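Engineer: pasted the sequence and its predicted model underneath.
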Amino acid sequence: MARRRICPDCGNEYSGIVHHWRGSNCQEPKYSDKQIKIIEALLLGDGTIYKRDGCTALFQIGSSEKEFLNHLQEKFGVLAGRVTLSETAEQIAERNSSDSVDCCQDHYKLRLVANEQINTLYEKWYDGGEKSIPEGITLSDEMFRYWYACDGSLRNKKNTRPTAGISNVSLNDATVERLMRNVGELTDTSGSWYVFTTESGQKILNRTKPLPGYEYKWNR
């Protein structure tokens, strides 16, 4: 059953919140500080902000884990759009010239309401046009939790306990390493992998709750 979409200001149901705000006297809510921190954590991972000339910046995140996007939708409430299918497993297999669709999963996306706060984040994170970690950003356990859901994994080696790490393929390497070292002790920073020691990784995973759809990344 589809979720009823109710304006928190007037209590009326709406189909599109932005159109509802523009056609009423309802007060448009703002992102809370906690929600902004979640957005920044997602920007460390799979989140993206798009901005066209003359338009308000728009945040979007995609994932094959629909349950995770449903969780984010609940977190952002009226400021989140619907979780929608962006590409089927069959389409992904065809695009990648794969002989088997079994190796692919449906991909979903979630967009957040565009406003001046997202514009500010765009200016902060896309100063040179490319996404880059801003100077001075700090990483709380809660922010790490969302980043790890996007880009983290447990590395399994024979006869050893799994070790938690982050894969960084596009962001500033030195800043990623600094953020990771603020969270725990690293044992490997080779290539695009930043891996905690076994003990340090266990500690950070023990003090952060698994996120829906990504429980396996906490399965120690």
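Structural biologist: Noted; the coordinates are in hand. Numbers count the residues shown, from 1 in each chain.

Engineer: helix, strand, or coil at the residue minimising distance to the centre of the chain?
Structural biologist: Ranked by distance to the mean C-alpha position of the chain (Cα atoms, centre = their mean), the top residue is residue 42 at 2.9 Å. Three-state call for residue 42 (DSSP: H, G, I helix; E, B strand; the rest coil): helix.

Engineer: surely residue 62 forms part of a helix?
Structural biologist: No - assigned with three-state DSSP, residue 62 falls outside any helix and is strand.

Engineer: that one and residue 111 touch, don't they?
Structural biologist: No - contact status for residue 62 versus residue 111: not in contact, 9.9 Å apart, counting by Cβ atoms under 8 Å. From N, CA and C alone the C-beta is placed, and that goes for glycine too.

Engineer: extract the C-alpha trace of stretch 38-58 and format it as PDB.
Structural biologist: Below are the C-alpha coordinates for stretch 38-58, written out as PDB (Å, rounded to 0.1, in the frame of the first residue of the first chain):
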ATOM      1  CA  ILE A  38      23.200  12.400   6.800                       C
ATOM      2  CA  ILE A  39      23.200  14.000   3.400                       C
ATOM      3  CA  GLU A  40      26.900  14.800   3.800                       C
ATOM      4  CA  ALA A  41      27.600  11.200   4.800                       C
ATOM      5  CA  LEU A  42      25.800  10.000   1.700                       C
ATOM      6  CA  LEU A  43      27.800  12.500  -0.400                       C
ATOM      7  CA  LEU A  44      30.900  10.700   0.800                       C
ATOM      8  CA  GLY A  45      29.400   7.600  -0.700                       C
ATOM      9  CA  ASP A  46      26.800   7.200  -3.400                       C
ATOM     10  CA  GLY A  47      25.000  10.500  -3.100                       C
ATOM     11  CA  THR A  48      25.200  13.200  -5.800                       C
ATOM     12  CA  ILE A  49      24.000  16.700  -6.100                       C
ATOM     13  CA  TYR A  50      23.000  18.000  -9.600                       C
ATOM     14  CA  LYS A  51      22.700  21.600 -10.500                       C
ATOM     15  CA  ARG A  52      21.700  23.100 -13.900                       C
ATOM     16  CA  ASP A  53      22.100  26.800 -14.700                       C
ATOM     17  CA  GLY A  54      19.300  28.800 -13.100                       C
ATOM     18  CA  CYS A  55      17.900  25.800 -11.200                       C
ATOM     19  CA  THR A  56      18.000  24.800  -7.600                       C
ATOM     20  CA  ALA A  57      20.500  22.000  -6.800                       C
ATOM     21  CA  LEU A  58      19.000  18.500  -6.400                       C
END
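
Engineer: show me which residues of that stretch are buried.
Structural biologist: By neighbour count, with 16 or more other Cβ atoms under 10 Å as the criterion, the buried positions of stretch 38-58 are 38-47, 49, 51, 57-58.

Engineer: for the closest residue to residue 143 other than its chain neighbours, give its distance to residue 186.
Structural biologist: In space, and not counting its chain neighbours, residue 143 is closest to residue 41: 3.9 Å by Cβ to Cβ, 6 or more residues apart in numbering. Distance, residue 41 to residue 186, by Cβ to Cβ, to the nearest Å: 19 Å.
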